[in-house]
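Q: Let's see this in three dimensions:
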Amino acid sequence: MAPGGGVCKEVVESYYPKFANYDTMMAKMEKTGTPVKTSVGLGEKHGMPSTNGVHELLECPVCTNLMYPPIHQCPNGHTLCANCKIRVHNCCPTCHLELGNIRCLALEKVAESLELPCRYQSLGCHDIFPYYSKLKHEQHCRSRPYNCPYAGSECSVMGDILTLVAHLKDDHQVDMHDGCTFNHRYVKSNAHEVENATWMLTVFNCFGRQFCLHFEVFQLGMAPVYMAFLRFMGEDCEAKKFSYTLEVGASGRKLIWQGIPRSIRDSHRKVRDSQDGLIIPRNLALFFSGGDRQELKLRVTGRIWKEQ
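A: Numbers count the residues shown, from 1 in each chain. Okay, the predicted model is just below:
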């Protein structure tokens, strides 16, 4: 036993968990050099070549992600990242000695000399970055995959735009339409029900790009409201090249909203909570519906255009 080291009684149940997200999968792919696909087919990415094995040394044995300072080591020299040091309860997953607070300064220094390609190279990013700049770049890389924009259920699928369009159509049965104008009808038999209200999503193919029209009911403070807004399937800088209008009304009265579609980089909840869209208070929605004010019948029309 190494001096000062004690055998840990508690160790993590599994040191190699299944891929839980895209980043973990890509890190594993870099390690083995084996082509791997996501559940919806993001395409293949072969592992990047290591630099005399240093690249493999920088991979945490628990999460398989690349390690960044502080890199910890046990008295026997086994290393792991700071996040996993907490996960394994300060117990080395390799030899079960107590980790203590030993930093592997030599490995941290060696990492400074490395230059590696972006992990999203197969998705279109061909830049090379110093080791300690690579992680920050990847967090904002324009080639990184997008999250599924469907809001009616939790969906962990990620991919490029074409992959997500196919996923929305095949797996979520989302309506797909061509054209830059739309007439969206929303009917609900019990207009006073909020908890089980349906999230509506329609995808429009317009100007060779895809736009997501969201329509839903949610609680704003104490009052339920209906909201419609548009998201762009692409980057924010591209979304700003477009504008759109939404209109709802009846009996000679109308509400009109004009705005810029938000990128799907912004989550559905973020856009909704910012109230960046057409908001219809319940009383007004029931007035537009006519009848006995119990059934909701709203017709939302809109148009998308490209700014010059």
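Q: was I right about M67 contacting K85?
A: No. Applying Cβ atoms under 8 Å, one finds M67 not in contact with K85, separated by 10.5 Å. (Glycine included, C-beta is placed from N, CA and C.)
Q: Does the closest residue to L213 other than its chain neighbours fall in a helix, a strand, or a coil region?
A: Spatial nearest neighbour of L213, excluding adjacent residues (Cβ to Cβ, 6 or more residues apart in numbering): T202 at 4.6 Å. Assigned with DSSP: H, G, I helix; E, B strand; the rest coil, T202 falls in the strand class.
Q: Based on its surroundings, how many neighbours for T202?
A: 16 (other Cβ atoms under 10 Å).
Q: hang on, isn't it packed against H177?
A: Yes. With contacts counted by Cβ under 8 Å, T202 reaches H177, the gap being 6.5 Å.
Q: Can you pull the phi and psi angles for M67?
A: phi -90, psi 140 (degrees, to the nearest 10).
Q: going forward, begin numbering at 231 instead of 1
A: That works, and once the first residue is 231, the last one we named lands at M297.
Q: Just give the number of residues close to the nearest residue to it once chain neighbours are set aside.
A: Spatial nearest neighbour of M297, chain neighbours left out: C311 (4.4 Å); criterion: Cβ to Cβ, 6+ apart. C311 has 22 neighbours, counted by other Cβ under 10 Å.
Q: thinking again about what came up before, and the residue nearest to L443, bridged to which residues?
A: D405, L443 (DSSP bridges).
Q: Kindly report the same for the one 4 residues further on.
A: Listed by DSSP bridges, the beta-bridge partners for C436 are R439.
Q: got the contact list for it?
A: Going by Cβ atoms under 8 Å, 6 or more residues apart in numbering, C436 touches D408, G409, C410, I534.
Q: Name the member of these with the most neighbours.
A: Going by other Cβ under 10 Å, I534 tops those with 21 neighbours.
Q: what helix or strand is it on?
A: strand 526-536 (DSSP states H and E).
Q: Packing partners of that strand?
A: strand 411-418, strand 439-450, strand 453-462, strand 472-480, helix 512-519 (3 or more Cβ pairs under 8 Å, 6 or more residues apart in numbering; DSSP states H and E).
Q: Tabulate these in CSV, adding columns for distance to L392.
A: Compiled in CSV, the helices and strands packed on strand 526-536 are given as follows (distance: least, Cβ to Cβ, whole Å):
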stretch, distance to L392
strand 411-418, 22
strand 439-450, 9
strand 453-462, 15
strand 472-480, 19
helix 512-519, 36
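Q: Identify the residues contacting the helix or strand hosting K366?
A: Assigned by DSSP H and E, K366 belongs to helix 361-370. Identification of contacts with helix 361-370 by Cβ under 8 Å, 6+ apart yields 288, 296, 298, 341-346, 348-350, 357, 359, 374.
Q: one step back: for the residue nearest to M297, what are phi and psi?
A: phi -80, psi 170.
Q: how about it, what does it touch?
A: Contacts for C311 (Cβ under 8 Å, 6+ apart) come out as C290, V292, C293, N295, M297, Y298, I301, H302.
Q: In this model R317 seems to touch the second one, though I could be wrong.
A: Yes. Using Cβ under 8 Å, V292 is in contact with R317, at 6.6 Å.
Q: Between these two, which has more neighbouring residues?
A: Comparing V292 with R317 by other Cβ under 10 Å, the one with more neighbours is V292, at 20 against 16.
Q: Could you grab the helix/strand/coil label for the more buried one?
A: coil.
Q: Could you find the closest non-adjacent residue to it?
A: Spatial nearest neighbour of V292, excluding adjacent residues (Cβ to Cβ, 6+ apart): C314 at 3.9 Å.
Q: which residues sit in contact with the one you found?
A: Residues near C314 by Cβ under 8 Å, 6+ apart: C290, V292, C293, P323.
Q: S481 now?
A: The neighbours of S481, taking Cβ under 8 Å, 6+ apart as the test, are F517, F518, G520.
Q: quick one: average pLDDT of the next helix-or-strand element following the helix holding K366?
A: Where DSSP H and E defines the elements, the next helix or strand beyond helix 361-370 is strand 376-377. In this model, strand 376-377 has an average pLDDT of 94.
Q: Now tell me what touches strand 376-377 from outside.
A: C385, V387, M388, G389, D390, I391, L394, M463, I494, R495, S497.
Q: tell me the domain boundaries of the chain?
A: The chain is divided into the following domains under the TED database: 284-369, 376-536.
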